[in-house]
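[1] sequence and predicted structure, then a few things I'm wondering about:
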Amino acid sequence: TVEKRFKDIDNRLDNIDSNLESLGSSLASIKQALDHLSNNRTPRKNTEPEYDYEPPSLQAQEALRQQEIKAKARLPDGKFNIHYVPQEEAPRPHNLGEKYVQEIWPEVKLRKQIIALG
């Protein structure tokens, strides 16, 4: 009975050994196939957008800005505030200076020359 047991254990070990060998060869063939695929792989284009949020168009931004201006231009009783000037449209001193230098001063200079010539 002891010899039979040893023979049985020996057979099981042989079975395990052959299973391990076939598993090793299967793993080797899988690795070879993966290497072949990774070497011949062409990079895929990323078709999905990087983010779901799409910024609003310029027209939509301008329409939103106009709505905000209109909302701020209203008084609490619903009437228009005629004194309201949107901040970005309010004249700035340096802009007036540039306008004076570029548009008004040449005209003034021309008038002075005309007056000087009589």
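    Arrived safely, thanks for sending. Numbering: from 1, shown residues only.

[2] so where's the chain shaky on pLDDT?
    Scanning the chain with the threshold set as pLDDT under 70 gives 41-56, 73, 75-76, 78, 80-105, 118.

[3] what ranges do the helices span in it?
    Counting by DSSP state H, the chain has helices at residues 2-39, 58-73, 93-99, 105-117.

[4] give me the buried positions along the longest one.
    For helix 2-39, the neighbour count (16 or more other C-beta atoms under 10 Å) marks no residue as buried. No exception for glycine: its C-beta is placed from N, CA and C like everyone else's.

[5] same for that helix, what does it pack against?
    Helices and strands touching helix 2-39, as assessed by 3 or more C-beta pairs under 8 Å, 6 or more residues apart in numbering; DSSP states H and E, are absent.

[6] and the helices of the chain as JSON lines, adding distance to Lys79?
    Output for the helices of the chain, formatted as JSON lines (distance: least, C-beta to C-beta, whole Å):
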{"stretch": "helix 2-39", "distance to Lys79": "72"}
{"stretch": "helix 58-73", "distance to Lys79": "10"}
{"stretch": "helix 93-99", "distance to Lys79": "30"}
{"stretch": "helix 105-117", "distance to Lys79": "39"}
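
[7] how is this protein carved up into domains?
    Following automatic domain parsing, the chain resolves into domains at 1-41, 56-85, 91-118.

[8] next one: Leu20 from Ala33, what distance?
    Separation of Leu20 from Ala33 (C-beta to C-beta, to the nearest Å): 20 Å.

[9] sorry, wrong one. I was asking about Lys70.
    Here Lys70 is placed at a distance of 66 Å from Ala33 (C-beta to C-beta).

[10] same check, this time on Ser26
    For Ser26, the distance to Ala33 (C-beta to C-beta) stands at 11 Å.
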